[in-house]
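S.K.: Give me a model of this one.
(one chain, ligands or ions: 1)
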Amino acid sequence: MSGKGAPELTVKNCGDLRVAVIAAQWHTQVMDGLVDGAVRALHDLGIEEPTLLRVPGSFELPVVAKVLAGRGYDAIVALGVIIRGGTPHFEYVSQGVTAGLTQVAVESGVPVGFGILTCDTEEQALDRAGLPGSNEDKGHEAVTAAVATATILRSVS
Ligand code: DLZ
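M.R.: All right, here's what the predicted structure looks like:
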């Protein structure tokens, strides 16, 4: 299963990379799908001992990503689900996590996979969660993209 428009990436020689997955805890069913997809992707890539950390909500993802980026990881993957409610909170959390993760990646030089779903409804999120019946598997995609980027960086260092 790959997302609409998402490339089929072939990533080689990455089994020795140190990869950390950080997952928020809001919206349990969707998060379970994202985490399963991420773990499946790591297994497919031959990365046998990834670090998996859970944080309370998506807003907490950037600070943990920043600390891990300073601890020798080759790639970090952030997973979260943010669903629009009736208040501006959706915008604050979405913007905070997006800007924070971008800043971590660009300033540290460590690729950060962006596995954050920002959806209007839970149905939209479930459709992207890599669950049975989902059309997309964003956890798998985020891992593959981050590890592919790490191998590209390693090839030029
Ligand atoms: C507060 C909040 C709200 C309203 N919605 C979500 C959400 O949809 N997804 C998510 O991952 N986290 C949400 N949070 C929690 C914030 O990310 C954060 O954990 C709290 O504001 C505490 O810092």
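S.K.: In this structure, where is pLDDT below threshold?
M.R.: 1-3, 157 (pLDDT under 70).
S.K.: quick one: the strands in it?
M.R.: With DSSP state E as the criterion, the chain has strands at 19-23, 51-54, 75-83, 112-119.
S.K.: Just name the most buried of these.
M.R.: Highest mean neighbour count among the strands of the chain (mean count of other C-beta atoms under 10 Å): strand 75-83, with a mean of 27. In this view, the C-beta of every residue, glycine as well, is placed from N, C-alpha and C.
S.K.: Does anything pack onto that strand? Which helices or strands?
M.R.: The helices and strands touching strand 75-83, judged by 3 or more C-beta pairs under 8 Å, 6 or more residues apart in numbering; DSSP states H and E, are strand 19-23, helix 28-44, helix 61-69, helix 89-108, strand 112-119, helix 122-127, helix 138-155.
S.K.: Would you mind saying which of the strands of the chain lies nearest the ligand?
M.R.: strand 75-83 (4.1 Å; C-beta to the nearest ligand atom).
S.K.: Nearest to the ligand among the helices and strands packed on strand 75-83 would be which one?
M.R.: Using C-beta to the nearest ligand atom as the criterion, the shortest distance between the ligand and the helices and strands packed on strand 75-83 is 4.3 Å, found for helix 89-108.
S.K.: That's all I had, so thanks and see you.
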